[in-house]
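Q: here is my input, please return the structure:
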Amino acid sequence: MPLALELAWFASTVLFVIGLRRLSSPTRARSGIWCAGGGMSLAIIATALHPGLGGNYSLILAAMVLGGGIALLHARRVDMASIPQVVALYNGLGGIAAAGIGMLVLLNVTQYGALVKALAVLSGLIGCISFAGSMFAYLRLTGRFSRREDFAKRQVAYLANGALVLLLGLILATSATAHPVLLLAFAILAISFGLLMTLPTSAADMPVLISMYNALTGLAVALDGFVLENPTMMVAGTIVFAAGSLLTRLMARAVNRRLTEIMYSGFGITADGQVRTQARDHVNKIDARDAAVDMAYADRILIVPGYGMATAQAQHKLRELTQLLEERGVHTGFAIHPVAGRMPGHMNVLLAEAGVPYEKISDLNDINAEFSQVDVVLVVGANDIVNPAARDDPDSPLYGMPILDVDQAKRVIVVKRGDGTGYAGVENALLFSPVSRVLFGDARDTVQDLIMAIKGLD
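A: Down below sits the predicted model:
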């Protein structure tokens, strides 16, 4: 292999590592993306010059232009609230691409040793599982698919599917030749196994699910790197796998649940399959003007955003609200739960897009002890992450999950669109707390009403 090619792969690997490191800080994230993008560009160019490609440059260029063009057009149409769906979609495509590489290697098994064939089978299996799981998450987040509650009746099919896919994998790894029909059957069974494995996951656990399958895609890419002897794929895939695994662990700890519980049990469903709710008449309501008075004359306010903020695209209005309050001498900030939204860092991304300074955003562990010193907490579209039942009610399905202790503040204003529950389908006990007042309405319109009401106080 030419030395120049190896040096180019090494340089691209270094750029990947630097880019990932810079993504750890919002202030450096943009440069990190450009750095990682530069590494990918260098890796593509170096691979295109590999002497083993056989001169199929027209097909490679056509595939790159077609795939890149579709991705560019799609990405330009995506709003920030839809980022979780896009992450799940693209991660799934990465998984099936990694699986495809493994499948192509298995079509030429006579050229490879036993270890390489075994790694190719493992890459194909993991990539297909990641594809199926990620696409399930995408369909679930876009509202096109819902979890079935009779999964227990399908355990036999799940176990049989797993046994068959392992058997086919063993045959492929030990055979001198691999028939295309056998490969197709392996791929179909691997995808169906991934889907059956993911079906029982609750919608509340989508952030953890996305993170886990991101790690699996990285592992499949790393295995392909070993198969193809490509150091860039090895390092990049291993980094993604390690980072995704760590993030999955942190996310699971944030909801105080084991990964097996997340993967194989939904929660928040009563015995008859219905969630428990109470009517609006049982909560203490407040109008925009009274809420504006509470906020305008407070010393310190914390805002807790949730997915309702994302769907209403209220982050810009919240930024305008905090600026207005700061002009009146009110100290403002944002409290973020690790699993707020539908992917890790979802709320941070939206707030950064709205121009909220990073120093005004605090994580759960940093802010929880300070809620008792806060005059007003404004909860915008969050449910499970502020539900006191997770802390106080041993019978609650959420019990043990770390929450933002907003009920410890002097006053809580909850912006809520309707009577629905959160992801977990559990009634939010915060709504009935003596310190809470509920401001019903769409998050964006309601925050605009608060802004106008505060301006009207002058």
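Q: could you pull out the strands for the stretch 151-300 of the chain?
A: Using DSSP state E, counting those that start in this stretch, the strands assigned to the stretch 151-300 of the chain run over residues 300-305.
Q: in the stretch 251-400 of the chain, where is pLDDT below threshold?
A: 255-257, 261-282, 342 (pLDDT under 70).
Q: show me where it has its helices.
A: Secondary structure of the stretch 251-400 of the chain (DSSP state H, counting those that start in this stretch): helices located at 259-264, 288-296, 307-312, 315-327, 346-353, 364-367, 389-392.
Q: burial count for residue 11?
A: Other residues near residue 11 number 16, with proximity taken as other Cβ atoms under 10 Å. (C-beta placed from N, C-alpha, C; glycine too.)
Q: check residue 83 too.
A: Residues near residue 83, counting by other Cβ under 10 Å, number 19.
Q: domain-wise, how is this structure divided?
A: 1-77, 79-264, 280-455 (automatic domain parsing).
Q: and the helices of the stretch 251-400 of the chain as CSV, adding distance to residue 375 and mean neighbour count?
A: CSV is the format used below for the helices of the stretch 251-400 of the chain (distance: least, Cβ to Cβ, whole Å; neighbours: other Cβ atoms under 10 Å):
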stretch, distance to residue 375, mean neighbour count
helix 259-264, 36, 15
helix 288-296, 8, 19
helix 307-312, 21, 23
helix 315-327, 11, 19
helix 346-353, 21, 22
helix 364-367, 15, 15
helix 389-392, 22, 17
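Q: residue 27 is nearest to which of those?
A: Nearest to residue 27, of all the helices of the stretch 251-400 of the chain, is helix 346-353, at 9.5 Å by Cβ to Cβ.
Q: angle of that closest one against helix 315-327?
A: Helix 346-353 runs at 70 degrees relative to helix 315-327, counting by axes from the mean of the first three to the mean of the last three Cα atoms, to 10 degrees.
Q: list the helices and strands helix 346-353 packs on?
A: helix 83-107, strand 300-305, helix 307-312, helix 315-327, strand 331-336 (3 or more Cβ pairs under 8 Å, 6 or more residues apart in numbering; DSSP states H and E).
Q: check the closest residue to residue 164 other than its chain neighbours and give its pLDDT.
A: Closest residue to residue 164 apart from its sequence neighbours, by Cβ to Cβ, 6 or more residues apart in numbering: residue 189 at 5.5 Å. You'll see residue 189 listed with a pLDDT of 94.
Q: so residue 189 touches residue 169, yeah?
A: No. Between residue 189 and residue 169 there is no contact under Cβ atoms under 8 Å: 9.2 Å.
Q: show me the contacts for residue 305.
A: The contact partners of residue 305, by Cβ atoms under 8 Å, 6 or more residues apart in numbering, come to 315, 318, 334, 336, 340, 347, 350-351, 380-382.
Q: how near is it to residue 313?
A: Counting by Cβ to Cβ, to the nearest Å, the separation of residue 305 from residue 313 is 12 Å.
Q: what residues are up against the residue positioned nearest the centre of the chain?
A: When Cα atoms, centre = their mean is applied to the chain, the residue found nearest the centroid is residue 343 (2.5 Å). Contacts for residue 343 were tallied using Cβ under 8 Å, 6+ apart; they are 83-84, 87-88, 206-207, 210-211.
Q: quick one: contacts for residue 304?
A: Counted by Cβ under 8 Å, 6+ apart, residue 304 has contacts 334-337, 340, 377-380, 382, 385-386, 404, 406.
Q: swap in residue 357?
A: By Cβ under 8 Å, 6+ apart, residue 357 lies in contact with nothing.
Q: and residue 10, by the same measure?
A: Contacts for residue 10 (Cβ under 8 Å, 6+ apart) come out as residue 231.
Q: that one: which element?
A: Assigned by DSSP states H and E, residue 10 falls within helix 3-22.
Q: downstream of that helix, the next helix or strand is which one?
A: Following helix 3-22 toward the C-terminus (DSSP H and E): helix 29-48.
Q: distance from the chain centre to that following helix, please.
A: Here helix 29-48 is found 23 Å from its chain centre; the criterion is Cα atoms, centre = their mean, to the nearest Å.
Q: work out the gap between the next helix or strand along the chain from that helix and the centre of the chain.
A: Counting by DSSP H and E, the element after helix 29-48 in chain order, helix or strand, is helix 57-76. With Cα atoms, centre = their mean as the basis, helix 57-76 stands 25 Å off its chain's centre.
Q: who are the packing partners of helix 57-76?
A: Using 3+ Cβ pairs under 8 Å, 6+ apart: helix 57-76 touches helix 29-48, helix 83-107.
Q: looking at those, which is closest to residue 359?
A: Of all those, helix 29-48 sits nearest to residue 359, with 15.3 Å by Cβ to Cβ.
Q: kindly export that closest one (C-alpha atoms) in CSV.
A: The C-alpha coordinates for helix 29-48 follow below in CSV (Å, rounded to 0.1, in the frame of the first residue of the first chain):
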residue,chain,number,x,y,z
ALA,A,29,-18.7,22.6,18.1
ARG,A,30,-18.9,24.4,14.7
SER,A,31,-15.2,24.1,14.2
GLY,A,32,-15.3,20.5,15.3
ILE,A,33,-17.9,19.7,12.6
TRP,A,34,-15.7,21.4,9.9
CYS,A,35,-12.7,19.5,11.2
ALA,A,36,-14.4,16.1,11.1
GLY,A,37,-15.9,17.0,7.7
GLY,A,38,-12.4,17.7,6.4
GLY,A,39,-11.2,14.4,7.8
MET,A,40,-14.0,12.6,6.0
SER,A,41,-13.2,14.4,2.7
LEU,A,42,-9.6,13.5,3.0
ALA,A,43,-10.5,9.8,3.7
ILE,A,44,-12.8,9.7,0.6
ILE,A,45,-10.1,11.2,-1.6
ALA,A,46,-7.4,8.8,-0.3
THR,A,47,-9.7,5.8,-0.7
ALA,A,48,-10.6,6.9,-4.3
